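J.: predicted structure and sequence below. I'll ask about it afterward.
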Amino acid sequence: MKLRFKKWTEEEFFQMREEVLKGWPTGKDVDLEEAIKYHKSLPESKSFSKKLIDAKKSGITLAQPRAGVALIDQHIELLNFLDKEGGADLLPSTIDSYTRQNKYENCEKGIEESIKAGRSLLNGFPGVNHGVAGCRKVVEATSLPLQLRHGTPDARLLSEIMIAAGFTSDEGGGISYNVPYAKSVSLEKTLIDWQYVDRLVGWYEEHGVSINREPFGPLTGTLVPPSMSNAVGILEGLMAAEQGVKNLTLGYGQCGNLIQDVAAIRALEEQAEEYFKKFGYNDIQLTTVFHQWMGGFPEDEAKAFGVISNGASAAALAGATKVIVKTPHEAIGVPTKEANAAGIRATKMVLNLLKGQKLSTSPELEKEIEIIKAETKCILDKVYELGNGDWAIGIVKAFEQGVLDVPFAPSIYNAGKMMPARDNVGKVRYLAVGNVPLSKELVDYNMAQLEERAKFEGRPVTFQMTVDDIFAVGKGTLIGRPE
Ligand SMILES: CCC[C@H]1O[C@@H](n2cnc3c(N)ncnc32)[C@H](O)[C@@H]1O
């Protein structure tokens, strides 16, 4: 399959599909006609797409945790606990790391050992190994819409199985589940593999079943300038729309300055709508998701609740359709169900207190929206030019040249030349642009903001600011002031 920005024909899709379903024995149980019938038999209350659209219409922010354990019964118990005790509005199934690397043999062992040990020895739910029947038990035993959340460069088989089982949303994308998650998987490969997933969703849509797609907004979750994550989100949105995806949630990871975070969500939604319209995708149902702080967390649980609540309020004030919830065990590891539920309750408390409130506009907010949109436009214009009108080709070339450049990404295909740092009010700025094609005016604007911090701190604008910022929140502040 040659990479190009074009909707796959059914023949192209079904030809690759034969190979995909051979990836593990459970692939043979996927029957698309049966799956369509099953989805149509589900109550509307199980539809991710519908719940998101309703939330957007009524202007509320939904709360969704992450959660996943090895064995089906424990996973069901966990999800129902998060629903009943946590008050979750939407449910995940966070997939384990072996599945994310397509190491299904290891999952098999992990399942056996978890049964012996009586507890989960995998860090998530091994959906491929459980197969359609196993995943369907989860769908049948829970009462909220379900989404698979993972970090899988090649999620073709995983998506086939879990969507056929009745999951109605799938997270990820050819950039956002490669560059922050893999070391040496080419962009061509993951862009094609995620075109497959999007074409599968397009096939469900064409047969009357709406499946939500959610590119992974935060990327490395470490000081990613909002315009870089918004550019990636819009690109993955365009890639999905071309394959027939209709219900799309674009995401953003909290950076910490409230005005910038609200501006980022507003800019993301507005600019994505502009690009969908401009390129002829007029029937996209677009929603947004705000990820609570994705960086280092304090170990102290009371402080962790402070970070969680702060993220909840930013999501509400930004008017995001959904907020992804953290837990007070974030600094430790996979949370207990009790800690996970507590994170959701804290979040829902804040969402309820702020219901109906949105951050009103101000010169500072308008300026930040303008800056983010202008920076994003510089990046997207260049991607389009590099691809000579083909977004997919443009993405590959943009990474080769560092036009798209995600800070602290492990991928060897990521230039890693651009460096961010916070300005004196904590907004994330471009400290070194690398080859990110910002206009001179925008480069100067970023530098001027950083100079204000330098003056305040009595030190030059330096990479040390970046390092100090990376550790700051874990140490209890937003900006990494010199000691
Ligand atoms: C982008 C994903 C990182 C976040 O994903 C959480 N995460 C990972 N695996 C699980 C799991 N099995 N249950 C609950 N949360 C989980 C981490 O804590 C982190 O916040």
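T.: It's in.

J.: so Leu248 is in which element?
T.: Assigned by DSSP states H and E, Leu248 falls within strand 247-253.

J.: Leu380 now?
T.: Going by DSSP H and E, Leu380 is in helix 363-386.

J.: helices and strands around that helix, which ones?
T.: helix 226-242, helix 258-278, helix 391-401, helix 440-457 (3 or more Cβ pairs under 8 Å, 6 or more residues apart in numbering; DSSP states H and E). Placement of C-beta: from N, CA and C, glycine included.

J.: give me the residue at the spatial middle of the protein.
T.: Phe216 (2.0 Å; Cα atoms, centre = their mean).

J.: residues touching that one, list them.
T.: With contact taken as Cβ atoms under 8 Å, 6 or more residues apart in numbering, Phe216 is in contact with 151, 171-173, 176-177, 180, 251.

J.: dump those residues to a markdown table, plus pLDDT, distance to Ala339 and neighbour count.
T.: Below are those laid out as a markdown table (pLDDT from 0 to 100; distance: Cβ to Cβ, whole Å; neighbours: other Cβ atoms under 10 Å):
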| residue | pLDDT | distance to Ala339 | neighbour count |
| --- | --- | --- | --- |
| Gly151 | 98 | 21 | 21 |
| Glu171 | 98 | 22 | 27 |
| Gly172 | 98 | 25 | 29 |
| Gly173 | 98 | 29 | 28 |
| Ser176 | 98 | 27 | 26 |
| Tyr177 | 98 | 26 | 26 |
| Pro180 | 98 | 25 | 23 |
| Gly251 | 98 | 23 | 28 |
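
J.: now, which of those residues sits nearest the ligand?
T.: Gly151 (6.4 Å; Cβ to the nearest ligand atom).

J.: the closest one should be in a strand, yeah?
T.: No. Assessed with DSSP: H, G, I helix; E, B strand; the rest coil, Gly151 is coil; it does not lie in a strand.

J.: now the phi/psi pair for the nearest residue to it once chain neighbours are set aside, please.
T.: Using Cβ to Cβ, 6 or more residues apart in numbering and skipping residues adjacent in sequence, the residue nearest Gly151 is Tyr181, 4.4 Å away. When read as degrees, to the nearest 10, the backbone of Tyr181 gives phi -120, psi -20.

J.: and Tyr181, how many neighbours does it have?
T.: 23 (other Cβ atoms under 10 Å).

J.: separation between it and Asp390?
T.: Taking Cβ to Cβ, to the nearest Å as the measure, Tyr181 falls 25 Å from Asp390.

J.: and stretch 341-353, C-alpha only, in PDB?
T.: Provided in PDB are the C-alpha atoms of stretch 341-353 (Å, rounded to 0.1, in the frame of the first residue of the first chain):
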ATOM      1  CA  ALA A 341     -12.800   6.600  41.600                       C
ATOM      2  CA  ALA A 342     -11.600   9.300  44.000                       C
ATOM      3  CA  GLY A 343      -9.900  11.200  41.100                       C
ATOM      4  CA  ILE A 344     -13.200  11.100  39.200                       C
ATOM      5  CA  ARG A 345     -15.300  12.300  42.200                       C
ATOM      6  CA  ALA A 346     -12.900  15.200  42.700                       C
ATOM      7  CA  THR A 347     -13.200  16.100  39.000                       C
ATOM      8  CA  LYS A 348     -17.000  15.800  38.900                       C
ATOM      9  CA  MET A 349     -17.300  18.000  42.000                       C
ATOM     10  CA  VAL A 350     -15.400  20.700  40.300                       C
ATOM     11  CA  LEU A 351     -17.300  20.200  37.000                       C
ATOM     12  CA  ASN A 352     -20.600  20.500  38.900                       C
ATOM     13  CA  LEU A 353     -19.500  23.600  40.800                       C
END
